[in-house]
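Asker: pasting a predicted model and its sequence here:
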Amino acid sequence: MQKISYEHSITVPIVTRTGSNPLDAMNIRVGGNLYSPQKNNWGPQVGFAWLPKPDAGKLVIRGGFGINYNQNEIAITANGNGNPPNAVPANFTCPYPYTTNPSCNGTGILYEAAGDPHSIFGYAPNPATITTFGSNNLPLSGNPIAVTGFEAKPKTISNYHYSLDAQYQLPYDVVATLGYQGSQSRHLFVQNNWNAIAIAHGFALNPIVNNLDFYANAGTGNFNALITTLTHNFAHDFQAEVQYTWAKAMDENSGPYSMDPYPFDTHAAYGRSDYNVQNAVKIFGLWQPVFFHGSHSWIEKVAGGWSLSGIFNWHTGFPWNPIYNTTGIYFQGSNYGQLRPAAVRPGFGKNTDNKNFEQSVNPNFGGDGTKFFLPPTYVQGPTFPATAPAPIPGILRNSLNGPGYNDVDASLTKAFGLPRIPVLGENAKFEIRADSYNLFNKTNLNTVHMDTNLGSAAPDGTVSPNSDFGVVGEALGSRTVQIQARFSF
């Protein structure tokens, strides 16, 4: 028998054998620690550097391995503060039409004036909010409630990272680097309604709890990248660097509060990370000319002191996830209302130019993505505590590619050297700097506002297409220029 404990702490005996009914014995344990953390997390960091030919000294090979850990987010672990018997959320409604039921009698809504208009405590208690709890600290009556839970003995979020690269000194102060970086993430925080997992395994639900908001350290992820760099170290008044990265990031959950519609199979969410970028190029440059040398250094303080730098970023964009709206799965109010398509048909466009995503209809899909992404079939969720069978997992998460990104940022600085004064010293100067972000005012789309909704799918598979599918409704920042002055001595 395994025990899973929840904040304020719910303790649920989970029998891993078939024929058990784990949610019937749910209870809220008051007092004690939220969970028992691991206390044996060692984080070694090992690295090496090797010169195959010490006499030449042009080639260096470096590598390393390390283990790092992270805690569960405090903002998430505090979510259980609203669990009973601390609090029970009231759920009152005023039936429609409101005009024929102005008093909402019998709904639990109480209308009255405050006894003292100067105090927030001048209201009489609403009898409909008084709740009686059983020995399990769950309400004995009333509407179903939501509780928040965590594992009793969670494993610590961990990251195993490793790298290997070779660096070679070329002529003209240029250094070439070819390297690999990778990491494996384990025990990432995953959120789901545990009732959906119980349904998939054939367990009956507790009729008092319709949302068992459960956080488990059950997710995994990985990152692998080939990184090539060409660097001109600062010499002859300038420095430059070019970097190309080919990478892939995969995970089952790219951040907290992201609930995959198939929580009964964590690996069903395994796909490209929300932040995966396959190809990326960065070009950086710095130019600091010196016009006057030697005895003319005072002229340099007046006419010189220029610095120009810039960085160019380009990458192929982030993946995105096509979804269908449903009429409700598992049961009504399960917090799962969307499913991924059942299958993909060939024939849609794959052009990731910004112009395709800026239009009112994305030409890749012709205003009807349902022709290429088959709708899922499912059983509509009934009223809780009745349930419907779990849906069949759909296509891979984040299967489509979003628009690319490119941008130039630049800075121009002019420093005026001041005469040598005992109080200020010989290096005192006044500096004016202008920074420009998105120098050429390039339109880059904010894919957070991508319309990923294919349309609505009925349980039998009939669909109502969404013509905005694949359209981005917002851009990232336009050109921004800031000017600043600085006096240093």
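Answerer: Great, that's in hand.

Asker: and the helices in the stretch 101-250 of the chain, which stretches?
Answerer: 194-200 (DSSP state H, counting those that start in this stretch).

Asker: for it, give me the ranges with low pLDDT.
Answerer: 101-111 (pLDDT under 70).

Asker: give me that answer again for 90
Answerer: 101-153, 172-173, 202-206, 208, 233-237 (pLDDT under 90).

Asker: quick one, what contacts G82?
Answerer: Listed by CB atoms under 8 Å, 6 or more residues apart in numbering, the contact partners of G82 are 89, 148. Placement of C-beta: from N, CA and C, glycine included.

Asker: please apply the same query to the one 3 residues further on.
Answerer: Shown in contact with P85 (CB under 8 Å, 6+ apart): 28, 30, 133, 137.

Asker: for the third one, list each beta-bridge partner.
Answerer: Meaning F133. Per DSSP bridges, the residues bridged to F133 are P139.

Asker: hmm, back to that, tabulate the contacts of P85 (TSV), appending distance to F384 and neighbour count.
Answerer: Formatted as TSV, these follow (distance: CB to CB, whole Å; neighbours: other CB atoms under 10 Å):
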residue	distance to F384	neighbour count
I28	19	23
V30	26	12
F133	20	13
N137	20	18
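
Asker: farthest-apart pair in these, please.
Answerer: Taking CB to CB as the measure, those span a maximum distance of 10.3 Å, between V30 and F133.

Asker: hang on, the earlier thing: which of the contacts of P85 fall in strands?
Answerer: Using DSSP state E, the subset of those located in strands is I28.

Asker: now, which of the contacts of P85 sits nearest G461?
Answerer: I28 (41.2 Å).

Asker: separation between that closest one and N206?
Answerer: 12 Å (CB to CB, to the nearest Å).

Asker: what's the overlap in contacts for the two?
Answerer: With CB under 8 Å, 6+ apart, I28 and N206 have common neighbours L138.

Asker: ok, P391 - how many residues close by?
Answerer: P391 has 24 neighbours, counted by other CB atoms under 10 Å.

Asker: hang on, isn't it packed against F264?
Answerer: No - counting by CB atoms under 8 Å, P391 does not reach F264; the two are 9.7 Å apart.

Asker: mind checking the longest strand of the chain?
Answerer: Assigned via DSSP E, the chain shows its longest strand as strand 209-235.

Asker: tell me what it is packed against?
Answerer: strand 145-150, strand 174-193, helix 194-200, strand 238-251 (3 or more CB pairs under 8 Å, 6 or more residues apart in numbering; DSSP states H and E).

Asker: for it, list every residue counted as buried.
Answerer: 209-223, 225, 227, 229, 231-232 (16 or more other CB atoms under 10 Å).

Asker: for the residue nearest to L230 when sequence neighbours are not counted, name its beta-bridge partners.
Answerer: Leaving aside its sequence neighbours, L230 sits nearest to V242 (CB to CB, 6 or more residues apart in numbering; 4.7 Å). Per DSSP bridges, the residues bridged to V242 are L230, I283.

Asker: report the contact partners of A247.
Answerer: The neighbourhood of A247, defined by CB under 8 Å, 6+ apart, consists of 223-226, 276-278, 280.

Asker: any idea how far P375 is from T462?
Answerer: For T462, the distance to P375 - CB to CB - is 8 Å.

Asker: those two: which has the busier surroundings?
Answerer: Set T462 next to P375 and count neighbours by other CB under 10 Å: P375 wins out with 24 against 11.

Asker: I figured that one hits A457, correct?
Answerer: Yes - the pair P375 / A457 is scored as a contact, 3.9 Å apart, by CB under 8 Å.

Asker: quick check: neighbours shared by the two?
Answerer: Joint contacts of P375 and A457 (CB under 8 Å, 6+ apart) are 324, 463.

Asker: tell me, how many residues neighbour I432?
Answerer: Using other CB under 10 Å, I432 has 14 neighbouring residues.

Asker: tell me the secondary structure for it?
Answerer: Secondary structure state of I432, per DSSP: H, G, I helix; E, B strand; the rest coil, is strand.

Asker: can you give me the pLDDT of it?
Answerer: pLDDT recorded at I432 is 92.

Asker: G425 too?
Answerer: At G425, pLDDT is 64.

Asker: likewise T377?
Answerer: 92.

Asker: where does it fall, secondary structure wise?
Answerer: Assigned by DSSP states H and E, T377 belongs to no helix or strand.

Asker: not counting its neighbours along the chain, what's nearest it?
Answerer: For T377, the spatially nearest residue (CB to CB, 6+ apart) is G461, at 4.8 Å.

Asker: separation between the one you found and G347?
Answerer: From G461 to G347 the distance is 19 Å (CB to CB).

Asker: which one of these two is surrounded by more residues?
Answerer: G461 (13 against 9).

Asker: wait, isn't the more buried one in contact with A343?
Answerer: No - G461 lies out of contact with A343 (CB under 8 Å); the separation is 11.4 Å.

Asker: overlap in contacts, these two.
Answerer: With CB under 8 Å, 6+ apart as the test, G461 and A343 both reach L374.

Asker: run the chain-centre distance for the helix or strand harbouring G47.
Answerer: In this assignment (DSSP H and E), G47 forms part of strand 45-50. Remark: strand 45-50 is offset 32 Å from the chain centroid, using CA atoms, centre = their mean, to the nearest Å.

Asker: any chance you could list what contacts that strand?
Answerer: For strand 45-50, contacts defined as CB under 8 Å, 6+ apart pick out 60-67.

Asker: what of stretch 372-388?
Answerer: Applying CB under 8 Å, 6+ apart, the set of residues contacting stretch 372-388 is 144, 199, 205-207, 210, 322, 324, 326-334, 339-348, 365, 389, 391-392, 394-395, 454, 457, 459-463.

Asker: so the residue nearest to T377: helix, strand or coil?
Answerer: Looking at G461 with three-state DSSP, the answer is coil.

Asker: report pLDDT for it.
Answerer: Confidence score, pLDDT, at G461: 86.

Asker: distance check, it against P363.
Answerer: 26 Å.
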